[in-house]
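Peer 1: build the 3D model from these lines:
(one chain, ligands or ions: 1)
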Amino acid sequence: MAEGYFFCCYVRIKFLTLVSLTFFLSCAASRAQAQATSPKKSPVSAVFAFGDSTVDPGNNNFIPTPFRCNFPPYGRDFFTHEPTGRFTNGKLVTDFAASYLGIKEELPPYLDWSLGVEELTTGVSFGSGGSGFDPFTAQIGSVIPVSQQLTYFREYVKKLDLVVGVDARRDIIRRAIFCVSAGTNDFIAFATLPIRRQSFSIEGYQGFILQNVQELLQGLSDLEASRIFVVGLPAIGCLPIIITLSARDGIHDRGCILEHNAVADVYNKKLQVLLQDYAQLRRVQIVYADVYTPLINAVQAPIKYGFEDSKAGCCGTGLIEASILCNPNSLVCFNASKYVFWDSIHPTEKMYRVIFDTFRMMIDQLLKSY
Ligand SMILES: *[C@@H]1O[C@H](CO)[C@@H](O)[C@H](O)[C@H]1NC(C)=O
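Peer 2: Numbering: from 1, shown residues only. I've put the predicted structure just below:
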(Lines give C-alpha, C1' and ligand atoms only; values in the text may rest on other atoms or scores of the structure.)
Protein backbone atom coordinates (compact mmCIF):
# COMPACT_ATOMS: atom_id res chain seq x y z
CA MET A 1 0.00 0.00 0.00
CA ALA A 2 2.76 2.43 0.88
CA GLU A 3 4.80 1.77 -2.21
CA GLY A 4 3.74 5.05 -3.77
CA TYR A 5 4.94 6.95 -0.80
CA PHE A 6 8.13 5.03 -0.62
CA PHE A 7 8.74 6.02 -4.19
CA CYS A 8 7.85 9.62 -3.45
CA CYS A 9 10.39 9.69 -0.63
CA TYR A 10 12.97 7.96 -2.72
CA VAL A 11 12.64 10.58 -5.42
CA ARG A 12 12.94 13.29 -2.84
CA ILE A 13 16.06 11.79 -1.32
CA LYS A 14 17.61 11.88 -4.75
CA PHE A 15 16.86 15.58 -4.94
CA LEU A 16 17.78 16.26 -1.34
CA THR A 17 20.56 18.59 -2.38
CA LEU A 18 17.93 20.80 -3.98
CA VAL A 19 14.93 20.23 -1.77
CA SER A 20 15.06 20.98 1.91
CA LEU A 21 14.90 18.27 4.54
CA THR A 22 11.48 19.43 5.70
CA PHE A 23 9.96 18.20 2.47
CA PHE A 24 11.38 14.76 3.15
CA LEU A 25 10.11 14.80 6.71
CA SER A 26 6.62 15.90 5.73
CA CYS A 27 6.64 13.21 3.10
CA ALA A 28 7.61 10.58 5.67
CA ALA A 29 4.96 11.91 8.05
CA SER A 30 2.22 11.69 5.46
CA ARG A 31 3.39 8.22 4.56
CA ALA A 32 2.81 7.14 8.15
CA GLN A 33 -0.58 8.81 8.08
CA ALA A 34 -1.43 7.21 4.77
CA GLN A 35 -0.51 3.80 6.15
CA ALA A 36 -2.70 4.37 9.18
CA THR A 37 -5.78 5.87 7.60
CA SER A 38 -5.97 5.51 3.88
CA PRO A 39 -5.09 3.03 1.19
CA LYS A 40 -4.31 5.93 -1.17
CA LYS A 41 -0.76 6.13 -2.39
CA SER A 42 -0.57 9.87 -2.82
CA PRO A 43 -2.65 12.84 -1.69
CA VAL A 44 -2.95 13.59 -5.38
CA SER A 45 -5.43 11.20 -6.93
CA ALA A 46 -4.65 11.66 -10.59
CA VAL A 47 -3.09 13.83 -13.28
CA PHE A 48 -5.07 15.03 -16.29
CA ALA A 49 -3.55 16.82 -19.26
CA PHE A 50 -5.04 18.86 -22.10
CA GLY A 51 -3.28 20.48 -25.01
CA ASP A 52 -0.82 19.79 -27.81
CA SER A 53 2.24 17.63 -28.52
CA THR A 54 3.88 18.78 -25.28
CA VAL A 55 1.35 16.59 -23.41
CA ASP A 56 0.29 14.03 -26.07
CA PRO A 57 1.49 10.55 -25.05
CA GLY A 58 0.00 8.98 -28.19
CA ASN A 59 -3.62 10.04 -28.67
CA ASN A 60 -2.81 10.84 -32.29
CA ASN A 61 -1.94 7.15 -32.85
CA PHE A 62 -5.66 6.48 -32.59
CA ILE A 63 -6.96 9.05 -35.07
CA PRO A 64 -6.35 9.50 -38.80
CA THR A 65 -3.85 12.37 -38.85
CA PRO A 66 -0.50 12.89 -40.54
CA PHE A 67 0.67 14.61 -37.30
CA ARG A 68 2.00 11.54 -35.60
CA CYS A 69 5.28 9.99 -34.58
CA ASN A 70 4.64 6.40 -33.52
CA PHE A 71 7.70 5.23 -35.43
CA PRO A 72 11.47 5.36 -34.84
CA PRO A 73 13.50 7.30 -34.00
CA TYR A 74 10.77 8.76 -31.72
CA GLY A 75 10.78 7.02 -28.36
CA ARG A 76 14.39 5.90 -28.83
CA ASP A 77 15.29 6.72 -25.23
CA PHE A 78 11.95 5.77 -23.64
CA PHE A 79 12.45 2.98 -21.12
CA THR A 80 10.87 0.50 -23.55
CA HIS A 81 12.96 1.97 -26.41
CA GLU A 82 9.72 1.86 -28.41
CA PRO A 83 7.94 4.75 -30.13
CA THR A 84 4.88 5.61 -28.05
CA GLY A 85 3.44 8.50 -30.02
CA ARG A 86 5.16 11.05 -27.77
CA PHE A 87 6.74 13.77 -29.90
CA THR A 88 10.18 13.33 -28.34
CA ASN A 89 12.84 10.70 -27.66
CA GLY A 90 11.57 9.80 -24.18
CA LYS A 91 9.27 11.19 -21.52
CA LEU A 92 7.17 14.34 -21.33
CA VAL A 93 6.89 16.78 -18.42
CA THR A 94 3.52 15.22 -17.50
CA ASP A 95 5.21 11.80 -17.19
CA PHE A 96 7.84 13.27 -14.87
CA ALA A 97 5.07 14.93 -12.85
CA ALA A 98 3.00 11.73 -12.46
CA SER A 99 6.13 9.91 -11.40
CA TYR A 100 7.23 12.61 -8.94
CA LEU A 101 3.78 12.59 -7.35
CA GLY A 102 4.09 8.85 -6.79
CA ILE A 103 1.12 8.12 -9.03
CA LYS A 104 2.59 6.27 -11.99
CA GLU A 105 5.58 6.25 -14.29
CA GLU A 106 3.84 7.47 -17.42
CA LEU A 107 0.63 9.33 -18.17
CA PRO A 108 -1.23 7.31 -20.83
CA PRO A 109 -3.32 8.59 -23.75
CA TYR A 110 -7.09 8.66 -23.13
CA LEU A 111 -7.86 7.21 -26.56
CA ASP A 112 -6.00 3.98 -25.79
CA TRP A 113 -8.97 1.63 -25.43
CA SER A 114 -6.88 -0.96 -23.59
CA LEU A 115 -6.57 1.17 -20.42
CA GLY A 116 -7.83 -0.57 -17.30
CA VAL A 117 -9.67 0.93 -14.33
CA GLU A 118 -6.47 1.64 -12.37
CA GLU A 119 -5.03 3.57 -15.33
CA LEU A 120 -8.23 5.53 -15.87
CA THR A 121 -8.70 6.49 -12.23
CA THR A 122 -5.12 7.73 -11.81
CA GLY A 123 -5.24 10.05 -14.79
CA VAL A 124 -4.86 10.26 -18.53
CA SER A 125 -3.86 12.81 -21.13
CA PHE A 126 -6.33 14.18 -23.65
CA GLY A 127 -3.56 16.10 -25.45
CA SER A 128 -3.19 15.89 -29.21
CA GLY A 129 -0.06 16.85 -31.17
CA GLY A 130 -0.64 19.77 -33.54
CA SER A 131 -3.65 20.99 -31.56
CA GLY A 132 -4.43 24.42 -30.21
CA PHE A 133 -7.06 26.50 -28.47
CA ASP A 134 -8.20 27.79 -31.86
CA PRO A 135 -10.38 25.07 -33.47
CA PHE A 136 -8.95 26.03 -36.85
CA THR A 137 -5.42 25.06 -35.73
CA ALA A 138 -6.52 21.49 -34.98
CA GLN A 139 -8.33 21.35 -38.31
CA ILE A 140 -5.05 21.91 -40.21
CA GLY A 141 -3.72 18.55 -39.06
CA SER A 142 -7.05 16.75 -38.43
CA VAL A 143 -6.19 16.50 -34.75
CA ILE A 144 -8.25 16.94 -31.58
CA PRO A 145 -9.04 20.56 -30.71
CA VAL A 146 -8.86 21.51 -27.03
CA SER A 147 -12.65 22.02 -26.98
CA GLN A 148 -13.10 18.39 -28.11
CA GLN A 149 -10.62 17.30 -25.43
CA LEU A 150 -12.98 18.85 -22.87
CA THR A 151 -15.84 16.87 -24.42
CA TYR A 152 -13.75 13.72 -24.01
CA PHE A 153 -13.16 14.67 -20.40
CA ARG A 154 -16.91 14.95 -19.82
CA GLU A 155 -17.32 11.51 -21.44
CA TYR A 156 -14.54 10.21 -19.19
CA VAL A 157 -16.34 11.54 -16.11
CA LYS A 158 -19.52 9.68 -17.10
CA LYS A 159 -17.55 6.46 -17.57
CA LEU A 160 -15.97 6.95 -14.17
CA ASP A 161 -19.38 7.42 -12.57
CA LEU A 162 -20.35 3.97 -13.84
CA VAL A 163 -17.12 2.33 -12.72
CA VAL A 164 -16.43 3.87 -9.30
CA GLY A 165 -19.65 5.78 -8.50
CA VAL A 166 -20.37 9.50 -8.39
CA ASP A 167 -18.89 10.19 -4.93
CA ALA A 168 -15.59 8.46 -5.65
CA ARG A 169 -15.40 10.19 -9.02
CA ARG A 170 -15.95 13.61 -7.45
CA ASP A 171 -13.23 12.85 -4.94
CA ILE A 172 -10.83 11.83 -7.72
CA ILE A 173 -11.46 15.03 -9.68
CA ARG A 174 -11.18 17.27 -6.60
CA ARG A 175 -7.84 15.79 -5.59
CA ALA A 176 -6.40 15.69 -9.11
CA ILE A 177 -3.84 17.98 -10.68
CA PHE A 178 -4.79 19.30 -14.11
CA CYS A 179 -2.30 20.48 -16.69
CA VAL A 180 -3.15 22.64 -19.70
CA SER A 181 -0.45 23.15 -22.31
CA ALA A 182 -1.31 24.62 -25.70
CA GLY A 183 -1.12 27.78 -27.79
CA THR A 184 2.19 27.39 -29.60
CA ASN A 185 0.58 25.88 -32.71
CA ASP A 186 -2.04 28.63 -32.74
CA PHE A 187 0.59 31.36 -32.93
CA ILE A 188 2.75 29.45 -35.42
CA ALA A 189 -0.31 29.04 -37.67
CA PHE A 190 -1.19 32.70 -37.21
CA ALA A 191 2.30 33.75 -38.28
CA THR A 192 2.66 31.38 -41.22
CA LEU A 193 -0.86 31.10 -42.72
CA PRO A 194 -2.95 34.03 -43.95
CA ILE A 195 -6.40 32.81 -42.86
CA ARG A 196 -6.60 34.06 -39.27
CA ARG A 197 -4.74 37.26 -40.09
CA GLN A 198 -7.61 38.23 -42.37
CA SER A 199 -9.93 38.52 -39.40
CA PHE A 200 -7.63 39.25 -36.43
CA SER A 201 -4.83 41.64 -35.53
CA ILE A 202 -2.20 39.96 -33.37
CA GLU A 203 -3.69 41.61 -30.27
CA GLY A 204 -7.15 40.47 -31.34
CA TYR A 205 -5.88 36.93 -31.84
CA GLN A 206 -4.24 36.87 -28.42
CA GLY A 207 -7.59 37.90 -26.96
CA PHE A 208 -9.38 35.20 -28.93
CA ILE A 209 -6.98 32.50 -27.67
CA LEU A 210 -7.33 33.75 -24.09
CA GLN A 211 -11.10 33.55 -24.40
CA ASN A 212 -10.68 29.88 -25.39
CA VAL A 213 -8.36 29.32 -22.42
CA GLN A 214 -11.04 30.74 -20.15
CA GLU A 215 -13.71 28.48 -21.67
CA LEU A 216 -11.56 25.43 -20.97
CA LEU A 217 -10.95 26.56 -17.38
CA GLN A 218 -14.68 27.08 -16.97
CA GLY A 219 -15.41 23.58 -18.28
CA LEU A 220 -12.87 22.08 -15.90
CA SER A 221 -13.97 23.99 -12.83
CA ASP A 222 -17.62 23.21 -13.56
CA LEU A 223 -16.63 19.57 -13.05
CA GLU A 224 -14.90 20.55 -9.78
CA ALA A 225 -11.31 20.58 -10.97
CA SER A 226 -9.63 22.61 -8.25
CA ARG A 227 -5.90 22.58 -9.00
CA ILE A 228 -4.85 23.57 -12.49
CA PHE A 229 -1.42 24.22 -14.00
CA VAL A 230 -1.59 26.38 -17.09
CA VAL A 231 1.57 26.38 -19.16
CA GLY A 232 2.44 29.59 -21.00
CA LEU A 233 3.96 29.88 -24.44
CA PRO A 234 7.61 28.94 -24.96
CA ALA A 235 10.07 31.30 -26.63
CA ILE A 236 8.56 30.44 -30.02
CA GLY A 237 11.21 32.46 -31.86
CA CYS A 238 13.87 30.03 -30.62
CA LEU A 239 12.29 26.89 -32.11
CA PRO A 240 14.63 25.60 -34.87
CA ILE A 241 11.84 25.45 -37.47
CA ILE A 242 10.79 29.04 -36.81
CA ILE A 243 14.39 30.21 -37.20
CA THR A 244 14.70 28.23 -40.44
CA LEU A 245 11.46 29.65 -41.85
CA SER A 246 11.81 33.23 -40.61
CA ALA A 247 15.47 34.21 -40.71
CA ARG A 248 16.79 35.88 -43.83
CA ASP A 249 19.57 33.31 -43.84
CA GLY A 250 18.26 30.53 -41.62
CA ILE A 251 21.17 28.23 -42.37
CA HIS A 252 23.96 30.50 -41.14
CA ASP A 253 22.23 32.91 -38.82
CA ARG A 254 20.59 30.79 -36.12
CA GLY A 255 19.69 33.53 -33.66
CA CYS A 256 16.21 33.50 -32.07
CA ILE A 257 13.57 35.54 -33.93
CA LEU A 258 12.80 38.42 -31.57
CA GLU A 259 9.47 39.27 -33.13
CA HIS A 260 8.05 35.80 -32.35
CA ASN A 261 9.43 35.87 -28.84
CA ALA A 262 7.83 39.26 -28.24
CA VAL A 263 4.39 37.91 -29.28
CA ALA A 264 4.80 34.98 -26.86
CA ASP A 265 5.99 37.26 -24.07
CA VAL A 266 3.04 39.67 -24.42
CA TYR A 267 0.59 36.74 -24.56
CA ASN A 268 2.12 35.19 -21.42
CA LYS A 269 1.67 38.45 -19.49
CA LYS A 270 -1.99 38.68 -20.54
CA LEU A 271 -2.46 35.00 -19.67
CA GLN A 272 -1.12 35.56 -16.15
CA VAL A 273 -3.60 38.39 -15.58
CA LEU A 274 -6.46 36.20 -16.81
CA LEU A 275 -5.40 33.29 -14.59
CA GLN A 276 -5.14 35.46 -11.51
CA ASP A 277 -8.59 36.97 -12.08
CA TYR A 278 -10.14 33.61 -12.86
CA ALA A 279 -8.62 31.90 -9.80
CA GLN A 280 -10.06 34.59 -7.53
CA LEU A 281 -13.46 34.51 -9.17
CA ARG A 282 -13.89 30.73 -9.09
CA ARG A 283 -11.78 29.98 -5.99
CA VAL A 284 -9.68 27.42 -7.81
CA GLN A 285 -5.94 27.14 -7.48
CA ILE A 286 -4.35 28.03 -10.77
CA VAL A 287 -0.62 27.96 -11.26
CA TYR A 288 1.01 29.72 -14.20
CA ALA A 289 3.83 27.49 -15.42
CA ASP A 290 6.56 29.42 -17.21
CA VAL A 291 8.31 27.48 -20.00
CA TYR A 292 9.46 30.62 -21.79
CA THR A 293 12.27 31.30 -19.32
CA PRO A 294 13.81 27.80 -19.03
CA LEU A 295 13.70 27.36 -22.81
CA ILE A 296 15.33 30.67 -23.71
CA ASN A 297 17.90 30.18 -20.94
CA ALA A 298 18.85 26.74 -22.28
CA VAL A 299 18.99 28.02 -25.86
CA GLN A 300 21.20 30.96 -24.91
CA ALA A 301 23.44 29.20 -22.40
CA PRO A 302 23.31 25.49 -23.33
CA ILE A 303 26.56 24.56 -21.55
CA LYS A 304 25.10 25.59 -18.20
CA TYR A 305 22.52 22.81 -18.53
CA GLY A 306 24.87 20.19 -19.98
CA PHE A 307 23.75 20.74 -23.57
CA GLU A 308 26.12 21.08 -26.50
CA ASP A 309 23.67 22.08 -29.22
CA SER A 310 20.68 24.37 -28.81
CA LYS A 311 20.22 25.54 -32.38
CA ALA A 312 19.22 22.40 -34.25
CA GLY A 313 17.27 19.25 -33.40
CA CYS A 314 18.88 15.84 -32.93
CA CYS A 315 16.86 14.28 -35.76
CA GLY A 316 17.94 14.82 -39.37
CA THR A 317 19.41 18.21 -40.17
CA GLY A 318 17.51 19.43 -37.12
CA LEU A 319 16.48 22.54 -39.04
CA ILE A 320 13.21 21.45 -40.62
CA GLU A 321 12.30 17.83 -39.75
CA ALA A 322 9.46 16.96 -37.38
CA SER A 323 6.75 14.29 -37.31
CA ILE A 324 6.80 12.25 -40.57
CA LEU A 325 9.93 14.05 -41.83
CA CYS A 326 11.82 12.65 -38.84
CA ASN A 327 11.55 8.93 -39.56
CA PRO A 328 13.51 5.66 -39.67
CA ASN A 329 15.54 6.98 -42.63
CA SER A 330 16.70 10.09 -40.80
CA LEU A 331 20.21 10.45 -39.49
CA VAL A 332 19.96 10.87 -35.74
CA CYS A 333 22.49 12.33 -33.32
CA PHE A 334 24.31 9.89 -31.06
CA ASN A 335 23.31 11.39 -27.72
CA ALA A 336 20.03 13.32 -27.56
CA SER A 337 20.81 14.50 -24.02
CA LYS A 338 23.34 16.91 -25.53
CA TYR A 339 20.55 18.60 -27.49
CA VAL A 340 17.86 21.03 -26.35
CA PHE A 341 15.66 19.96 -29.28
CA TRP A 342 14.83 16.46 -30.45
CA ASP A 343 13.34 17.54 -33.80
CA SER A 344 12.88 21.01 -35.28
CA ILE A 345 9.99 21.78 -32.90
CA HIS A 346 10.05 19.54 -29.84
CA PRO A 347 12.38 19.47 -26.86
CA THR A 348 14.36 16.35 -25.99
CA GLU A 349 13.45 14.35 -22.90
CA LYS A 350 16.46 15.98 -21.24
CA MET A 351 15.07 19.46 -21.93
CA TYR A 352 11.65 18.35 -20.64
CA ARG A 353 13.45 17.21 -17.49
CA VAL A 354 15.06 20.66 -17.14
CA ILE A 355 11.62 22.27 -17.56
CA PHE A 356 10.07 19.87 -15.03
CA ASP A 357 12.81 20.72 -12.52
CA THR A 358 11.73 24.37 -12.70
CA PHE A 359 8.11 23.29 -12.01
CA ARG A 360 8.91 21.13 -8.98
CA MET A 361 8.82 23.95 -6.45
CA MET A 362 5.33 24.90 -7.66
CA ILE A 363 4.16 21.31 -7.37
CA ASP A 364 5.52 21.15 -3.80
CA GLN A 365 3.70 24.38 -3.04
CA LEU A 366 0.46 22.95 -4.41
CA LEU A 367 0.91 19.78 -2.33
CA LYS A 368 0.67 21.88 0.82
CA SER A 369 -2.97 22.57 -0.07
CA TYR A 370 -3.95 18.92 0.49
C1 LIG B 1 24.94 11.71 -23.13
O2 LIG B 1 25.16 13.06 -22.73
C3 LIG B 1 24.89 13.30 -21.37
C4 LIG B 1 25.00 14.80 -21.14
O5 LIG B 1 26.21 15.33 -21.63
C6 LIG B 1 25.86 12.47 -20.51
O7 LIG B 1 25.58 12.69 -19.15
C8 LIG B 1 25.68 11.00 -20.85
O9 LIG B 1 26.62 10.23 -20.15
C10 LIG B 1 25.85 10.76 -22.35
N11 LIG B 1 25.51 9.38 -22.67
C12 LIG B 1 26.26 8.63 -23.47
C13 LIG B 1 25.75 7.25 -23.73
O14 LIG B 1 27.31 9.01 -23.97
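Peer 1: pull out the buried residues from the one helix or strand residue 298 maps to.
Peer 2: Secondary structure assignment for residue 298, by DSSP states H and E: helix 292-300. Along helix 292-300, these residues count as buried under the neighbour rule (16 or more other CB atoms under 10 Å): 292, 294-299. For glycine as for every other residue, the C-beta is placed from the backbone atoms N, C-alpha and C.
Peer 1: centre of the chain to that helix, how far?
Peer 2: 16 Å (CA atoms, centre = their mean, to the nearest Å).
Peer 1: check stretch 301-317 too.
Peer 2: 20 Å.
Peer 1: what's it in contact with?
Peer 2: 73, 89, 240, 243, 254, 297-300, 318-319, 321-322, 325-326, 330-333, 336-346, 348, 350-351, 354 (CB atoms under 8 Å, 6 or more residues apart in numbering).
Peer 1: ok so, going back, could you export the buried residues of helix 292-300 as a markdown table, including distance to residue 278 and pLDDT?
Peer 2: Formatted as a markdown table, the buried residues of helix 292-300 follow (distance: CB to CB, whole Å; pLDDT from 0 to 100):
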| residue | distance to residue 278 | pLDDT |
| --- | --- | --- |
| 292 | 20 | 98 |
| 294 | 24 | 98 |
| 295 | 25 | 98 |
| 296 | 26 | 97 |
| 297 | 28 | 98 |
| 298 | 30 | 98 |
| 299 | 31 | 97 |
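Peer 1: of all these, which comes closest to the ligand?
Peer 2: Closest approach between the buried residues of helix 292-300 and the ligand, by CB to the nearest ligand atom: residue 298, at 12.8 Å.
Peer 1: any bit of the helix or strand following the helix holding residue 298 sitting next to the ligand?
Peer 2: Scanning forward in sequence from helix 292-300 by DSSP H and E, the next helix or strand is helix 349-367. No. Judged by CB under 6 Å from any ligand atom, helix 349-367 makes no contact with the ligand; its nearest approach is 7.2 Å.
Peer 1: buried residues in helix 349-367, which are they?
Peer 2: 349-356, 359-360, 363-364, 366-367.
Peer 1: closest one to residue 69 out of those, please.
Peer 2: Closest approach between the buried residues of helix 349-367 and residue 69, by CB to CB: residue 349, at 13.6 Å.
Peer 1: contacts only, for the closest one.
Peer 2: Here residue 349 is in contact with 77, 88-91, 336-337, 342 (CB under 8 Å, 6+ apart).
Peer 1: please repeat the previous calculation with a cut-off of 10 Å.
Peer 2: Residue 349 sits next to 75-78, 86, 88-93, 95-96, 336-337, 342 when contact means CB atoms under 10 Å, 6 or more residues apart in numbering.
Peer 1: what helix or strand does the closest residue to residue 192 other than its chain neighbours sit in?
Peer 2: Closest residue to residue 192 apart from its sequence neighbours, by CB to CB, 6 or more residues apart in numbering: residue 245 at 6.9 Å. Following DSSP H and E, one finds residue 245 within helix 240-246.
Peer 1: run through who's touching that helix.
Peer 2: For helix 240-246, using CB under 10 Å, 6+ apart, the contacting residues are 184, 187-188, 191-192, 235-237, 239, 250-251, 253-257, 259-261, 299, 309-313, 317-322, 340-341, 343-346.
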